[in-house]
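Trainee: predicted coordinates and the sequence they were generated for:
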Amino acid sequence: MKLHPLRRIKYYQLPCQKRSPLLSCFYDDNHFCFCNDYDHQRLTNCFEFNHGIEHNCFGQSNCENDAHCLQDKATCPQTSICVCPKCFYGARCQFTSNLFDLSLDAILGYYIQPRINIKHQPSIVQVSVALTIIITIAGITDSVLSIITFRNKESRKTDCGLCLLTSSIITLLLMIIFALKFWILIIAQITYMTNQSFLKFQCISIDFFLRIGLSMDQWLNACVGIERTIATIKGARFDKNKSKQIAKYIILILLFMTTSTTIHDPIHRRLLNENDDDVDEKRIWCIVSYSSNLRAFNSFILIFHFLAPFFINIISAIIIIVMITR
């Protein structure tokens, strides 16, 4: 780097030839270089590049999540692209690969080909359709049978029975809502559905209800574990009627807790229109946009609603085993 730029650039063939074959590009203060394969050789192709330019498309950037906007020309640009920051992708950098923010749109959306019948869609889409049908049928059947079982008065004499009945109803609703979300995504991407009111309503509501339902189901199972632990400890002194009354209040408290800790999700959801002029494709995505602080809070809430019931069930099981073996 201490050499004069004209002398230094003569050595720019060496990184591509002597470094790892995986090296595809490199840059310095004034140049950006690509490593290209040509006639069984790796050659360097460099061009001048000003790293000091602010890449925001003259303040007209439509990129999401603080992505850089690049245009084909400094004056009278015809097209632009978004350069995504780490862990973000999509034509507008609207999706994230963060484990806690993954959505069905982000996982499957780009595999769905517009205006192509399901029979001719990529195999990953066809497999997803088949699995969704199987899971939905199995889930609905299991939930209906569970509801029939726990509707019995004997089963609902304690906190445990009421929680299991509520959990079965929630699971049934979750299966129906998930199936709706999946087929809305498939139909919207294949046919390019343009009903903005309907798409916005389902975007705001479906993911919100799914999150509440999943959290409620896990907490209800944790309540079952707690009730069984208390029943094991108290033995004959366990009051079933009092337990049933407490269960009604617990279910309401859980509903309030899961709703209040998830209410930020629909507030920050919106539709994003994506136009790809190169292949004449138009897509409408349901995305969620969080600030860095809210993203951290959202991740914490997701972890809390998963780990807290999980550890409650583990601790309850250990206590029950210890009490029984005494």
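Mentor: Looks like it arrived, so ask away.
Trainee: got the contact list for the spatially most central residue of the chain?
Mentor: The centre of the chain sits closest to residue 102, judged by CA atoms, centre = their mean, with a distance of 1.7 Å. Neighbour list for residue 102: residue 96 [criterion: CB atoms under 8 Å, 6 or more residues apart in numbering]. The way it works is simple: take the backbone N, C-alpha and C, and place the C-beta from them, glycine included.
Trainee: cool, residue 92 as well?
Mentor: Contacts for residue 92 were tallied using CB under 8 Å, 6+ apart; they are 62-64, 67, 82, 272, 274.
Trainee: can you tell me the helix or strand for it?
Mentor: Per DSSP states H and E: residue 92 is located in neither a helix nor a strand.
Trainee: show me which of the contacts of residue 92 are buried.
Mentor: Among the contacts of residue 92, the ones that count as buried by 16 or more other CB atoms under 10 Å are 63-64, 67, 82, 272.
Trainee: dump the residues you listed to JSON lines, plus secondary structure and distance to residue 245.
Mentor: Below are the buried ones among the contacts of residue 92 laid out as JSON lines (DSSP: H, G, I helix; E, B strand; the rest coil; distance: CB to CB, whole Å):
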{"residue": "63", "secondary structure": "coil", "distance to residue 245": "55"}
{"residue": "64", "secondary structure": "coil", "distance to residue 245": "49"}
{"residue": "67", "secondary structure": "coil", "distance to residue 245": "54"}
{"residue": "82", "secondary structure": "strand", "distance to residue 245": "56"}
{"residue": "272", "secondary structure": "strand", "distance to residue 245": "48"}
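Trainee: now, among those, which is nearest to residue 39?
Mentor: The nearest member of the buried ones among the contacts of residue 92 to residue 39, counting by CB to CB, is residue 82 at 34.3 Å.
Trainee: touching, the closest one and residue 68? I think so.
Mentor: Yes - using CB atoms under 8 Å, residue 82 is in contact with residue 68, at 7.1 Å.
Trainee: I'd assumed residue 44 was in a strand, is it?
Mentor: Yes - the assignment for residue 44 is a strand, going by DSSP: H, G, I helix; E, B strand; the rest coil.
Trainee: can you pull the phi and psi angles for the residue nearest to the centre of the chain?
Mentor: For residue 102, the backbone dihedrals (degrees, to the nearest 10) come out as phi -70, psi 140.
Trainee: which residues of the protein score low on pLDDT?
Mentor: Residues of the chain that meet the criterion pLDDT under 70 lie in 1-2, 20, 51-56, 74, 99-100, 155-159, 276-280.
Trainee: gap between the residue nearest to the centre of the chain and residue 193?
Mentor: Counting by CB to CB, to the nearest Å, the gap from residue 102 to residue 193 is 23 Å.
Trainee: same question for residue 121.
Mentor: 16 Å.
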